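> here is a sequence with its predicted model. Questions after.
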Amino acid sequence: MPGRSNIPERRRPSADALTVVNEYKNATGVGSPTYVKVQCMHCDYPACESACIVGAISKKESGPVLWDTDKCIGCRYCMVACPFQIPAFQYDTALKPDIVKCDFCVDRTEKGGVPACVEICPVESLTYGRRPALIEIARKRVENYPDRYRNHIYGEFEAGGTSYLYLAKADFKELEFPTLKKDPMPGTSESIQHGIFAYFVPPISLYSLLGGLMWINKNRQKAEEETIE
């Protein structure tokens with residue numbers, strides 16, 4: 001239908017979608033809409049890595065921020081710490097839920113390839129390479145096409161810098177990008193941990209307490225069942 005949006009609803013990455021694309025109408029009401037790809041930003045100083053109390057999230061030198069299922073204890077501090085609200089939890093998987101997010105196609109890039117989204121993009125709106133080179137490319141585009149791009153490379157400085165960088169004609173606030181300072185976010189995420197462990201209750205004590213409560217409850221239920229029988 002004429003005038004109808006191709007993507008009518010705002011979407012966020014989830015346990016079923018590592019990346020999504022949203023449509024934003026031109027603020028002037030004239031011209032083509034802006035399409036924004038949303039995924040993990042793979043921060044240079046990841047707040048999720050800093051918030052993780054067991055080291056289940058790590059930043060590789062090549063860029064990707066990765067999650068390790070063998071270390072994760074399901075605390076979900078990474079979800080709270082992320083300034084972009086990206087990590088998702090598999091709530092529908094009861095026995096072994098995972099923290100799910102874009103992994104920068106690390107299995108492809110470590111073999112010399114490029115992320116799948118970059119390879120498949122038909123209009124080459126995505127570019128993959130070393131961060132300094134990409135920033136230089138972005139600056140030249142802004143300089144050469146001032147009518148096409150704002151003089152703002154989103155991700156160059158936000159939250160200490162990110163691996164994903166954006167150029168756009170519209171204001172990034174209009175595109176629902178969070179307004180972040182230049183300081184890395186780990187300082188904020190670490191305050192979360194300090195608040196939780198303010199009375200020096202280490203994680204092992206917390207889980208021992210929870211385990212004890214589960215044991216008591218299990219024995220109580222067993223006793224009730226034997227009484228009924």
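It's in. Numbers count the residues shown, from 1 in each chain.
> you'd agree residue 73 is up against residue 54?
Yes - applying Cβ atoms under 8 Å, one finds residue 73 in contact with residue 54, separated by 5.6 Å. Placement of C-beta: from N, CA and C, glycine included.
> what segments of the protein are helices?
47-51, 77-81, 106-109, 116-120, 131-144, 186-196, 203-228 (DSSP state H).
> what about the fifth one, average pLDDT?
When pLDDT is averaged over helix 131-144, the result is 97.
> now swap in the shortest one and tell me
Helix 106-109 shows a mean pLDDT of 96 in the predicted model.
> got the contact list for it?
By Cβ atoms under 8 Å, 6 or more residues apart in numbering, the list of residues contacting helix 106-109 from outside reads 60, 62, 63, 64, 66, 114, 115, 116, 128.
> flag whichever of the residues you listed scores worst on pLDDT.
Among the contacts of helix 106-109, residue 62 has the lowest pLDDT, at 91.
> and the closest residue to that one other than its chain neighbours, how many neighbours?
Distances taken as Cβ to Cβ, 6 or more residues apart in numbering put residue 109 closest to residue 62, at 6.6 Å, once the chain neighbours are dropped. By the measure other Cβ atoms under 10 Å, the count of residues near residue 109 is 18.
> over to residue 84?
Residue 84 has 23 nearby residues by other Cβ under 10 Å.
> isn't it right up against residue 40?
Yes - counting by Cβ under 8 Å, residue 84 touches residue 40, with 7.5 Å between them.
> need the CA coordinates for stretch 57-73. PDB is fine.
Provided in PDB are the C-alpha atoms of stretch 57-73 (Å, rounded to 0.1, in the frame of the first residue of the first chain):
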ATOM      1  CA  ILE A  57      32.500 -12.500  28.300                       C
ATOM      2  CA  SER A  58      35.800 -11.500  26.700                       C
ATOM      3  CA  LYS A  59      37.000  -9.000  24.100                       C
ATOM      4  CA  LYS A  60      39.300 -10.300  21.300                       C
ATOM      5  CA  GLU A  61      42.000  -8.200  19.900                       C
ATOM      6  CA  SER A  62      40.400  -8.600  16.400                       C
ATOM      7  CA  GLY A  63      37.200  -6.900  17.700                       C
ATOM      8  CA  PRO A  64      34.500  -9.400  18.600                       C
ATOM      9  CA  VAL A  65      33.100  -9.500  22.100                       C
ATOM     10  CA  LEU A  66      32.300 -13.200  22.800                       C
ATOM     11  CA  TRP A  67      30.300 -15.200  25.400                       C
ATOM     12  CA  ASP A  68      31.500 -18.500  26.800                       C
ATOM     13  CA  THR A  69      28.800 -20.900  27.700                       C
ATOM     14  CA  ASP A  70      31.100 -23.100  29.900                       C
ATOM     15  CA  LYS A  71      31.800 -20.200  32.200                       C
ATOM     16  CA  CYS A  72      28.400 -18.400  32.400                       C
ATOM     17  CA  ILE A  73      26.400 -18.800  35.600                       C
END
